[in-house]
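> sharing a model that was predicted from the sequence below.
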Amino acid sequence: MKKITLLFFLLNATFMLAQKEISGIVKDNTGNALPGVNIVEKGTSNGVSTDMNGSYKISVQEGSSLIFSYVGYNSITRVADNSVINVSLSEEGGQNLNEVIVTGSRTAARTNTTSALPIDVLSAKDLTSTGQASFDKALQYRIPSFNTVNTPVNDATSLLDPYEIRNMGPSRTLILINGKRKNLSALVYVQTSPGRGETGADISAIPTDAIERVEILRDGASAQYGSDAIAGVMNIILKKSNNAGSATLRTGVTSEGDGEMFGLTINNGTTVGDNGFVNYTLDFSKTEMSNRPGTVDADGEFNYWGGTTAGVNTLTDIKNFLAKNPDAGNINGAPETAAAKFLINGGKDINDHTQLYYNAAYVYKKVNSFANYRTPYWRTATDYPYLPSLFGNGTLASYQGYVPTFEGELNDYNATIGYKFEKDGWNADASFTTGGNQQNYTISNSHNRSKDNLGNFIYAPNPNVYSGPISFNPGGVGFTHYVGNIDINKKVFDNFSIALGSEFRTETFEVREGDEASYIGLGADSYQGNMPENTGKFNRYNIGFYLSGSLDVTKDLLFEGTVRYEDYSDFGNKTVWKLSSRYKFLDDKVTLRGSVSTGFRAPTLHQIYTQKVQSSFGGGGIQLEGIINNVSSAARLRGVPNLKAESSTNYTVGAGIKPSKNFSATLDYYYISVKDRIVLGDKITFSPGNIQSFFTNAIDTKTSGLDLVANYRNIELGPGKLAINLSGNYTIENALDGDVRNIASVEAVGQSVFGKTSEALLLTSRPEFKVILGADFEISKFTFSLNNTVFGPAKFKNADLYDKNLTVEFLTKIVTDLGISYRATDKISLALNVNNLFNVLPEWKLKSDGSAGAEAVMNNPVTLKNQINDLTFNGRYSQMTYDGSHFSQLGTMMNLSLNYKF
């Protein structure tokens, strides 16, 4: 036994002695550090990725070799014969841009000047350097065509904010994780704010520290990826490092002293067996509420709810209340949020030609937000005698109103397992993906104020005593999908390759019933629950096939083409295609590129089956409205047709230049035509008290614009180096293409499903242009960054709230962000970010279209004041209006982070 133990000890010692630690820095051929480069011990799964400074450290066997690879660069192999191996990677030539995992290729300057398609590539350093607390907000200040902002009304929308690329809404950007489709959120946006009627994947749920890079294809890609890719594709590539990690501690606060943020993230990796690895991320964060209420106007309140009952709702009573509560108790800003995020990414080389890979993520998020404060003259003790005992000590004077709370819980998960192999030049990838998003809600500090047919309170038989619940479960929503993929490709000749594949997907959308008290009668005050007749599980499946080819006619001229057939169980089939080309000349210093494609977007299950009662703000206060789904008896009664798929046509033409190794620029023009675009229609008053809206393929749209990206690096400035980047998006046109198609029942009441309100939300509520000008200066252990984001004008209308001939125009503003990072040691670094350094806030003006009626309103102080009160809910939402704005109203945010490398 002793001999066996000694033998084992000697073998283990020999193995340990044979291990060798290699470290170094990887740069491009201009001297810039490359974060996210993959370094793998040849013949194994032992590998790491370079950090933000291009540094790496790996333990390998004596005599082994290291393979250095990075998207858009030639891979190189180095023998591990030194303890320090520094590497310089050079850019590669032709690429296959239809690969699923690598959405495109690039230089270190984000957008590759020689690619056939416009693709932004952001490293982990690009994202974290913004100082933003979430992934979606980091993209807002890195990608000009990407827009997102907190909505002014925080109920279910507070769980995630609508986002979009090129004014196409969240539904028309496909989100991938490691090349596989991410599940949609269960939420469909129904508020009168940007993103209305849309749903998208919850990208804010993805921890930034788990991301190696993000590739954003700014072009239609339905032929390659299927439904939802009308505006483009966002592919999130996860970290693969298996023996290096870090812990990051973050904290922050706004200049107003609220919105305190605290977060802790751990990212690390390890080997699994002989040829496997796993990288994992744990992320915990807590953000306190931020509040930016306006000063409420007493005259406007009196116009809404004023009366003659002394001590309750006279103008004097209202003024007395507002003297003590200038904001009328309203809470308007960003909600309290707590989140826990877990993610793993791993793989194993079974042999030289076969690989198993997997990734999984789980996110739990909880938000606490508030409805509009119910003042004592809005919900009066005269109308509801039990309120003083419910929200006071029983006396009339003690009743000062109440504010219902909205608590939302989100569970989001996704997982993929796949198998890659190569045989006789054929490369195959088979995978299975699952994902889901579950949301549950709770309404507290509220009541059900409904009466029965005899006029008695349902939950207050004695009008002075409320016996019903004050906390409600209004139900919830859920979405799950299961996706199977098979992708095969082969390089048939030196200049020609083909790819083919198939995808099968099944989706389920669920609406869960609320408790009876949440929906009976008027339901819970502020948020009505899901009625039994509006709930259920709804399913569909689809299957798609694609065939793709890539031909290098010469070393400079490239042609690519893809055709796809998709068949859905609920609405039929679609065939779409794409052609793209690229031509290089002047020794690759100039590139011309272009593409033309057709695409489609299937109506989501949310849009087909959502049916609910909703509180919304209209002239005169909060009112109830109904959303009827397209397969309901109510829809048939109104003649509402079933939804069909949107179809699109995309054109992109661009040019790239790289006259020197340190300067590059690209300029791309795009045109997107969408037929049968699905919208959540305006509220239609079919009869007094019968207000309904529904989803419909009512419009066609056309969108065109320009994208610019330019970078100038390695500018010698004394002992340091300066890099300057400029990027911008300009919307040339975003408009209706033809008339609105109203159904007969809507025409009969002289209304339209797509009026001025919806038109503005869809077409002009995002900035007309957005420009990002940034500079990074590195000197010694310090890095200084200064970024200026120009948000162009955005326009809103709300015909329900103010004159239809008036427009709210948000003015052009510049938001400046400052970042300072310090590398204290090889393991410790500090970063300070001051976002919105000069506390720039949205600013708007009410503008007339020049008509006689509009001019009369603008020139009359009384009517103008009334219009502004309707627009801002009497001043409650004075900063960004009730509909939203083009960037955040929270102002300056200061963030400090400490990073420790393992």
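Looks like it came in fine. Everything quoted here is computed from the prediction, not taken from an experiment.
> where does pLDDT dip in the stretch 251-400 of the chain?
For the stretch 251-400 of the chain, no stretch is flagged by pLDDT under 70.
> please enumerate the helices of it.
298-305, 315-324, 387-390 (DSSP state H, counting those that start in this stretch).
> before we move on, what about the chain?
2-18, 124-128, 135-140, 222-225, 298-305, 315-324, 387-390, 516-519, 605-609, 633-638, 744-748, 756-763, 852-859, 861-872 (DSSP state H).
> what is the burial count for Asp737?
Residues near Asp737, counting by other Cβ atoms under 10 Å, number 14. Heads up, the C-betas are built off the backbone N, CA and C, glycines and all.
> what lines up beside the longest strand seen in the chain in the sheet?
Ranked by residue count and defined by DSSP state E, the top strand of the chain is strand 695-717. Applying DSSP bridges, strand 695-717 is found paired with strand 663-680 (antiparallel), strand 720-736 (antiparallel).
> check which residues of the last one are buried.
By neighbour count, and taking 16 or more other Cβ atoms under 10 Å as the criterion, the buried residues in strand 720-736 are Lys721, Leu722, Ala723, Asn725, Leu726, Ser727, Gly728, Asn729, Tyr730, Thr731, Asn734.
> can you tell me how far the last one is from Asn345?
What that stands for is Asn734. Asn734 sits 38 Å away from Asn345, going by Cβ to Cβ, to the nearest Å.
> list the contacts for Gly478?
Residues near Gly478 by Cβ atoms under 8 Å, 6 or more residues apart in numbering: Ala186, Gly436, Asn437, Gln438, Gln439, Thr508, Phe509, Glu510, Arg512.
> going by distance to Lys319, which of those residues wins?
Lys319 lies nearest to Gln439 out of the contacts of Gly478, by Cβ to Cβ, at 40.8 Å.
> so what pLDDT did the closest one get?
At Gln439, the model reports a pLDDT of 96.
> again with Asp28
77.
> again, but for Ala33
Predicted confidence (pLDDT) for Ala33: 77.
> can you pull up the bridge partners for it?
Those that pair with Ala33 in a beta bridge, by DSSP bridges, are Lys27.
> thinking again about what came up before, go through the helices of the chain and find the least confident stretch.
Mean pLDDT is lowest for helix 2-18 among the helices of the chain, at a mean of 45.
> Leu159 contacts Asn440, doesn't it?
No: counting by Cβ atoms under 8 Å, Asn440 is not a contact partner of Leu159; they are 10.3 Å apart.
> please tell me how far Arg512 sits from Lys365.
With distances taken as Cβ to Cβ, Arg512 is found 18 Å from Lys365.
> and Tyr900, by the same measure?
Taking Cβ to Cβ, one finds Tyr900 at 26 Å from Lys365.
> same question, Phe406
Phe406 is 14 Å from Lys365, where distance means Cβ to Cβ.
> now do Val312
For Val312, the distance to Lys365 (Cβ to Cβ) stands at 40 Å.
> low-confidence stretches in the stretch 651-800 of the chain?
799-800.
> repeat that for 80
Residue ranges of the stretch 651-800 of the chain with pLDDT under 80: 689, 798-800.
> what's the answer for the stretch 801-902 of the chain, then?
Along the stretch 801-902 of the chain, the model assigns pLDDT under 80 to residues 801-804, 882.
> again, only this time at 70
Within the stretch 801-902 of the chain, the segments meeting pLDDT under 70 span 801-802.
> still on that earlier bit, pull out the buried residues from the longest strand of the chain.
Across strand 695-717, burial judged by 16+ other Cβ under 10 Å covers 695-713.
> can I get it in CSV, CA atoms only?
This file holds the C-alpha atoms of strand 695-717, laid out as CSV (Å, rounded to 0.1, in the frame of the first residue of the first chain):
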residue,chain,number,x,y,z
PHE,A,695,-53.5,44.8,-32.6
THR,A,696,-53.8,45.2,-36.4
ASN,A,697,-51.7,45.0,-39.6
ALA,A,698,-52.9,48.5,-40.3
ILE,A,699,-49.9,50.3,-41.8
ASP,A,700,-46.9,50.2,-44.1
THR,A,701,-43.8,52.1,-43.2
LYS,A,702,-40.5,53.2,-44.8
THR,A,703,-37.4,54.1,-42.9
SER,A,704,-34.0,55.3,-44.3
GLY,A,705,-30.9,56.8,-42.8
LEU,A,706,-27.1,56.9,-42.5
ASP,A,707,-24.7,55.2,-40.1
LEU,A,708,-21.2,56.6,-39.7
VAL,A,709,-18.3,55.1,-37.7
ALA,A,710,-14.8,56.6,-37.7
ASN,A,711,-11.7,55.9,-35.6
TYR,A,712,-8.3,57.5,-35.3
ARG,A,713,-5.9,55.7,-32.9
ASN,A,714,-2.4,55.8,-31.6
ILE,A,715,-2.0,59.6,-31.7
GLU,A,716,1.2,60.3,-29.9
LEU,A,717,0.6,63.0,-27.2
